[in-house]
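> Pasted the sequence and its predicted model underneath.
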Amino acid sequence: MKTGLIEKYSKFLPAVDKKFIISLNEGDTPLIRADKLAEALKLDAELYFKFEGANPTGSFKDRGMTMAISKAVESGTRGVICASTGNTSASAAAYAARAGVACTVLIPDGKIALGKLSQAIQFGAKVLPVNGNFDTALEFVKKISEENNITLVNSLNPFRIEGQTTGAFEICDDLGRAPDYQFMPVGNAGNISAYWLGYNRYKKAGIIDRLPKMMGYQAEGAAPIVLNRPVEKPETIATAIRIGNPASWKSAVAAKNESGGAIDMVSDAEIISAYKLLSKTEGIFAEPSSCASLAGLIKHLGAASIETGAKVVCILTGNGLKDPDSAIKYNECELKPVSNEKEILQRMGLL
Ligand code: F0G
């Protein structure tokens, strides 16, 4: 039977006493080969998408949250708190519910996808919209967690990063080696840091013999690492990565430098175009922010080439169902009802 990540990868993760493990059998997400899209992009390489939307709460955050909440429970925590653009709050709320631990989430008022908000509410977390953006919310929760003995479950919590290393393990297990390139979105920069740590851990253990180039992409209006300065008022339609002062800034830059990769930015238009292309070509639905990975690959191919036969992985961090509004907003659809066969055939373009 499928177990959660803490049991599956116990050799590579900090130890957790079995009786404290809080898991929803996260991980083991599909690595989907995308030959049609590779061909459309004239990419003579093996292209794969790591579909993290298949996790229990629909995003990669569950990998880190199983570890962070288990460790919080092990330490006898009196409650957990996080700031979030949505996915962290959904995941924290779910794992906290399963653990029977109180959970508070601070979200940027009005700037979170409806699916994510509904998850946090449904799982019974205390949901507090903040007048301000993610960065403001993060400052609040850092202070409150320090002063009130409440466990912070943002990626500043090292157990979050530990859990998220498992994404790299799974990709290597599936490919039989590390990919040559990994493209991914960058927000608070924890995930790129975690993947890099994971690949290095597998290499040290002798399971892989090479490391991928880490290619991270921020949204143009929220690209502090690219600009090399904090962005006070980050703006992008990719609300999950609408972050102006990432917590794991330094380790993300280290991952880029050590791997010979890049951290670049993509425009909202490029993100939406990739979002639609992915679904229409491959039948995969990822939320807009996730598609910064594919948008990044497309941008990269405009300026450089990728070696024939290379293995290229794009991480799709969150499920498209998290954000139904964007699908409806950015696609053309006529939803006027039909009432007879003639109208149906007309709308099908057959008459
Ligand atoms: N993609 C999605 C769908 C996300 O939700 C996030 C981050 C990222 C990418 C970026 O990952 O922060 O590790 O660089 N979401 C956080 C949240 C900030 O609160 O849910 P990162």
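Here it is on my side, so go on. Computed from a predicted structure; not experimentally measured.
> List the contacts of the helix or strand harbouring Glu147.
Glu147 is part of helix 134-148, with elements assigned from DSSP states H and E. Here helix 134-148 makes contact (CB atoms under 8 Å, 6 or more residues apart in numbering) with 81-85, 106-108, 130, 150-152, 154, 156, 188, 230, 234, 242-245, 247. Using the backbone N, CA and C atoms, a C-beta is placed for each residue, glycine as well.
> Repeat the analysis, applying 6 Å as the threshold.
81, 83, 85, 106, 108, 130, 152, 243-245 (CB atoms under 6 Å, 6 or more residues apart in numbering).
> same deal with stretch 89-99?
Identification of contacts with stretch 89-99 by CB under 6 Å, 6+ apart yields 22, 57, 61-62, 65, 69, 73, 80, 82, 103, 105, 107, 116, 119-120, 123-125, 153.
> Pull out the buried members of the residues you listed.
Neighbour counting with 16 or more other CB atoms under 10 Å marks 22, 57, 61-62, 65, 69, 73, 80, 82, 103, 105, 107, 116, 119-120, 123, 125, 153 as buried within the contacts of stretch 89-99.
> ok, which of those also contact the ligand?
Of the residues in the buried ones among the contacts of stretch 89-99, proximity to the ligand by CB under 6 Å from any ligand atom holds for Lys61.
> element containing the nearest residue to Ile161 once chain neighbours are set aside?
Residue nearest to Ile161 in three dimensions, not counting chain neighbours: Ala194, with 4.6 Å by CB to CB, 6 or more residues apart in numbering. In this assignment (DSSP H and E), Ala194 forms part of helix 190-204.
> Show me what counts as buried in that helix.
190-203.
> Could you give the number of residues near the closest residue to Asp109 other than its chain neighbours?
Excluding the flanking residues, the one nearest Asp109 by CB to CB, 6+ apart is Pro129, at 3.9 Å. Counted with other CB atoms under 10 Å, residues neighbouring Pro129 total 15.
> Who does Pro129 form a beta bridge with?
Pro129 has these beta-bridge partners by DSSP bridges: Ile107.
> chain center to the helix holding Glu147: distance?
Relative to the centre of its chain, helix 134-148 is centred 22 Å away, using CA atoms, centre = their mean, to the nearest Å.
> Tell me if whichever strand or helix holds Gln182 is near the ligand.
Taking DSSP H and E as the definition, Gln182 sits inside strand 181-185. Yes: judged by CB under 6 Å from any ligand atom, strand 181-185 comes into contact with the ligand through Pro185.
> neighbouring strands for that strand, and are they parallel or not?
Note on strand 181-185: by DSSP bridges, its sheet partners are strand 213-219 (parallel), strand 311-316 (parallel).
> Present those strands as JSON lines; the columns should include distance to Ala92, mean pLDDT and mean neighbour count.
Converted to JSON lines, the strands paired with strand 181-185 look like this (distance: least, CB to CB, whole Å; pLDDT from 0 to 100; neighbours: other CB atoms under 10 Å):
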{"stretch": "strand 213-219", "distance to Ala92": "23", "mean pLDDT": "98", "mean neighbour count": "27"}
{"stretch": "strand 311-316", "distance to Ala92": "20", "mean pLDDT": "99", "mean neighbour count": "26"}
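> Thanks a lot, see you next time.
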